[in-house]
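Asker: With the sequence up front, the predicted model follows.
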Amino acid sequence: MMLQLREAIREMVRDGDVVALEGFTHLIPFAAGHEIIRQGKRNLTLVRMTPDVIYDQLIGCGCAVKLIFSWGGNPGVGSLHRLRDAVERGWPRPLALEEHSHAGMVAAYAAGASHLPFGILRGYLGSDLPKYNQNIRFIECPFTGERLAAVPAIHPDVTVVHAQKADRRGNVLMWGLVGIQKEAVLAARRSIVTVEEIVDELNAPPNAVVLPAWVVGAVSEVKGGAFPSYAQGYYKRNNAFYKQWDRVSADRETFQSWIERHVMSTRDFDGFKRILEQAVKHA
Amino acid sequence: MMLQLREAIREMVRDGDVVALEGFTHLIPFAAGHEIIRQGKRNLTLVRMTPDVIYDQLIGCGCAVKLIFSWGGNPGVGSLHRLRDAVERGWPRPLALEEHSHAGMVAAYAAGASHLPFGILRGYLGSDLPKYNQNIRFIECPFTGERLAAVPAIHPDVTVVHAQKADRRGNVLMWGLVGIQKEAVLAARRSIVTVEEIVDELNAPPNAVVLPAWVVGAVSEVKGGAFPSYAQGYYKRNNAFYKQWDRVSADRETFQSWIERHVMSTRDFDGFKRILEQAVKHA
Amino acid sequence: MPDTAYTADEMMTVAAARMLRNGAVCFVGIGLPSAAANLARLTHAPGVVLIYESGTIGSKPDVLPLSIGDGELAETADAVVSTVEIFSYWLQGGRVDVGFLGAAQIDRFANINTTVIGDYKSPAARLPGAGGAPEIAASSGEVLITLRQNKRSFVEKLDFVTSCGHLSGGTSREQLRFPGRGPAAVITDLGILIPDSVTKELTLTSIHHGISVECVLEATGWPLKVSPHLQTSAPPSAEELSALRNLQGIPNAG
Amino acid sequence: MPDTAYTADEMMTVAAARMLRNGAVCFVGIGLPSAAANLARLTHAPGVVLIYESGTIGSKPDVLPLSIGDGELAETADAVVSTVEIFSYWLQGGRVDVGFLGAAQIDRFANINTTVIGDYKSPAARLPGAGGAPEIAASSGEVLITLRQNKRSFVEKLDFVTSCGHLSGGTSREQLRFPGRGPAAVITDLGILIPDSVTKELTLTSIHHGISVECVLEATGWPLKVSPHLQTSAPPSAEELSALRNLQGIPNAG
């Protein structure tokens, strides 16, 4: 179903939902994250292996009450200051954490996509994580008696991902680092996919990562919708933005005025990017 | 490691081994199967989701003592007469069966590739299969209490697959129906990959199915090595051969003289194909 | 051969095809179902999505493949994935509306045997085995089954239960909490059988044009229940026959 | 700046790179390890295979990526797979010879904390968390760890054990039957620490050129054992420095 991003977020992301915006450095759905902020969604449980800047923004704007994750930082730069402020000082509201390792998260997402109640892994050996996360348990192999870790399936109410292309019927093609995106979509009750472009024919290579239209909720064309993350074949990662975010996010007021100017006062992601370009010109 | 197929089979397939020649209709390693017959390997435990004509030949030649499988037939044609003769009448020797469903076999192979002792599935519900296969057991979900089936990991001593291309370093590329081939190679202690051609550069599309050289034991160039199965992009399935096999295999003596003439009396797969062509010319 | 002449197998395939609703996601079992599913796609159900256990999603073959892994299935598919993914993310994942199965033997509750005739350990006839069927039968939203009807195939008691239908009938399937609802219809070369809504026992609800009820009873290994509202299946239309024969690569008459 | 001048971080990265043997399959953790692993590849270990948790196998970047998911890693890889596959088939599958990890805190048995400083429920400082490290630490054949050495990072007791080294030393790791052998070396900006073969306690075996033993002891939060055969790491060669700076996009002097 082709929808404008604004409509897709309005209809499919509801207050209190479990929401996964996935992407492992590549194809992070920033435009969709901004739209969630603009529409003032609240009480979300955010899920993601690698919460980064867009989750820092969502958390700093008070959209989230809980985070299910395995690594939360600004890769190569440092901390997520808004995430830390929420966890360490409860600002703008407390944030509950359910914390896994990457291997645990992928097992949980794959179980979700597979309609299994749990996933198993040889994991968490000797780690303190199971002490603080009741969703890490242990089972015995019925053949060898070996003890293995188990995690419950993740089933987001809605998963949002960004991809390179969709065709007019809504079939989606992505390539490059595809992370956990397919599993996150298949594990979810609803899904939104933003794409760089809508084309007549996908011309997918054999065995490409394709999500057939009938497993995708809404498809929205948002050119550049992964910025400052990247879309292989379209544009590179804007590392300067990630570095600058460290300064923007370090201070509550600086963060709030940045969000007000760049997100709340813009109509959509094109508007956001125009404001950013102006800032660069005036710099 | 580049090896002639004859050397690869001689060095890597040993009497008594657990051997998987995988391929789901597509890319079935017929040339390698013939070489196993030529070299008179014995007491093999054969593993495969869909044992078809090449397994019928291996079984009819007395190479196997056991078969681990989920569907054994000549697709679209009918029975495998040599497989049936071995199971029903013990000719040329009895064949033990360990029988799964496809879903059970893929869970077992995936567990093997993942170095997990077992795989889980929502499977075998109400089926009689668990009554006859002690390797189908049941476990409880530690979160929901739900009962799920469990199967032990498959770890072939050697897996043999056919692929379209390898580069000179031994990296392997396959496309089209790739079945369980990647998992079967990764689950095995040793592996042999026959390929249609060895090229300077794979030029693999993004996210293609590539096996890096360092996880592959031996790579052998065998043009047409999947005949009468097919290699997408190279040649089509020879359905006529599969239909004719029904007649060739129905009778023990016809089968034996066919094997003698086409496999035992030929030096290699090229020789086999020359004999076949002559038969067509004289027909 | 005039346009209106057709074989019993053609009638069976056409009747089976008619059961598949447009837009359904259909997991196509090995054997007879592939012809029926593709015929549906090429006639009244162009929006049907065909999934094959060989790893193809959305296959649209022009010619019926001999096997369920021919190149045509991959080349015309929307996506081609590994068999691990087909069974875990797509079938077990609950994305299949209709599982379309063949069978060697079936009982009155539409349980299926494709494993063995006679004793498992020393069989009279060894059949191909389970393949994808046990989980297709368990996990698909509903199941259609198509096979030729005779006393060897429609039996009082299965030699082996490979894949579950309605078990011992009534609520016995519900109690095991299968993800899917089980068999919705069995389509044969003689007619159509539907499980009773309460007892789940297969009931003859339709006979094919030119077939007598006696003939169907005679071909069934148990006392077959017959619906008081028994209908007669329309014979294949010229369009259906033409589409089926094109699919099978059979030259059409006339 | 003359060619021979280098920073402590450069010395650390060069010393860490030297530990990676040619031909090893190396799972590259987030942070400092990526520079060291790629430096090894570009100097003495051209045959090293670098796996990143973002899904790349055999990455060969010319320029060091800021993150472990930059496009350069995918574009130069032999294969790019899903994160499910990276963790299940490749890491857990036992195909990794060396796990290369960073850390925020480490203890004398090379256990690692990357989760939290202070109490977990009300932390003084929230760190990024586990990422891939717990399973990299458990499943890799052996583990190399690189981090800057000071009293805040080398602590008597970890606030949180994110990823296991040699647990409480001795045979305690063996008893838990981890698939991998655990930390083989810790490379810092001051020197190299190796677990004792029996007690598994980290022992200073090498100090970097120009660093005193006292300085290392001073930077360690427990009474650090020093090997009787203490060596001094050679300073970075001109070739190593040049390769590292090229990788980091830093113009070389001269």
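Answerer: Yep, it's here.
Asker: So which bits of the stretch 151-254 of chain C are right by chain B?
Answerer: C:160, C:161, C:162, C:163, C:164, C:167, C:173, C:176, C:178, C:179 (C-beta under 8 Å from any C-beta of the partner chain). C-beta: built from backbone N, CA, C; applies to glycine.
Asker: Show me what the fourth one bridges to in the sheet.
Answerer: Looking back up the chat, that one is residue C:163. Beta-bridge partners for residue C:163, by DSSP bridges, are residue C:112.
Asker: Tell me which of the residues of the stretch 151-254 of chain C next to chain B fall in helices.
Answerer: residue C:173 (DSSP state H).
Asker: Farthest-apart pair in the residues of the stretch 151-254 of chain C next to chain B, please.
Answerer: C:160 and C:179 (22.7 Å; C-beta to C-beta).
Asker: now the helices for the stretch 51-200 of chain C?
Answerer: C:71-75, C:83-85, C:133-139, C:172-175 (DSSP state H, counting those that start in this stretch).
Asker: Tell me how many other residues surround whichever residue of the stretch 151-254 of chain C sits closest to chain D.
Answerer: Closest contact between the stretch 151-254 of chain C and chain D, by C-beta to the nearest C-beta, is at residue C:179 (22.1 Å). For residue C:179, the neighbour count with other C-beta atoms under 10 Å in any protein chain shown is 17.
Asker: Kindly provide the distance from the nearest residue to it once chain neighbours are set aside to residue B:122.
Answerer: Leaving aside its sequence neighbours, residue C:179 sits nearest to residue C:139 (C-beta to C-beta, 6 or more residues apart in numbering or on different chains; 4.8 Å). The gap separating residue C:139 from residue B:122 is 7 Å, by C-beta to C-beta, to the nearest Å.
Asker: So which of these two has more stuff around it?
Answerer: Shown here are residue C:139 and residue B:122; by other C-beta under 10 Å, residue C:139 has more neighbours (28 against 24).
Asker: Just name whatever secondary elements the helix or strand residue A:254 falls within is in contact with.
Answerer: Using DSSP states H and E, residue A:254 falls within helix A:252-259. Under the contact criterion of 3 or more C-beta pairs under 8 Å, 6 or more residues apart in numbering or on different chains; DSSP states H and E, helix A:252-259 touches helix A:53-60, helix A:81-89, helix A:239-250.
Asker: That one: what's the following helix or strand?
Answerer: helix A:269-282.
Asker: Relative to the whole chain's centre, how far out is that following helix?
Answerer: What separates the centre of helix A:269-282 from the centre of its chain is 23 Å, taken as C-alpha atoms, centre = their mean, to the nearest Å.
Asker: So residue C:65 is in contact with residue C:73, correct?
Answerer: Yes. Counting by C-beta atoms under 8 Å, residue C:73 is a contact partner of residue C:65 at 5.8 Å.
Asker: who has more neighbours, these two?
Answerer: residue C:73 (27 against 21).
Asker: Okay, the more buried one and residue C:52: tell me how far apart.
Answerer: For residue C:73 relative to residue C:52 (C-beta to C-beta), the value is 6 Å.
Asker: Over to stretch A:57-73 now: how far is its first residue from its last?
Answerer: 12 Å (C-alpha to C-alpha, to the nearest Å).
Asker: ditto for stretch A:149-162
Answerer: Stretch A:149-162 stretches 31 Å from its first residue to its last (C-alpha to C-alpha).
Asker: is that stretch anywhere near chain B?
Answerer: Yes. Stretch A:149-162 is in contact with chain B by C-beta under 8 Å from any C-beta, via A:150, A:152.
Asker: Quick one: mean pLDDT over that stretch.
Answerer: The average pLDDT for stretch A:149-162 rounds to 98.
Asker: what do you get for stretch A:177-194?
Answerer: Mean predicted lDDT for stretch A:177-194 stands at 98.
Asker: need the contact list for residue C:123.
Answerer: B:87, B:88, C:116, C:117 (C-beta atoms under 8 Å, 6 or more residues apart in numbering or on different chains).
Asker: hmm, 6 Å instead?
Answerer: The contact partners of residue C:123, taken as C-beta atoms under 6 Å, 6 or more residues apart in numbering or on different chains, are B:88, C:116.
Asker: How about residue C:110?
Answerer: Going by C-beta under 6 Å, 6+ apart, the list of residues near residue C:110 reads C:165, C:166, C:183, C:186, C:202.
Asker: which phi and psi does the nearest residue to residue A:147 once chain neighbours are set aside have?
Answerer: Take residue A:147 and drop its neighbours on the chain: the residue closest to it by C-beta to C-beta, 6+ apart is residue A:138, 5.3 Å away. Residue A:138 adopts backbone torsions of phi -130, psi 140, taken as degrees, to the nearest 10.
Asker: can you pull out the strands in the stretch 101-250 of chain A?
Answerer: Secondary structure of the stretch 101-250 of chain A (DSSP state E, counting those that start in this stretch): strands located at A:118-121, A:137-140, A:147-152, A:158-167, A:172-174, A:190-199, A:209-211, A:218-221.
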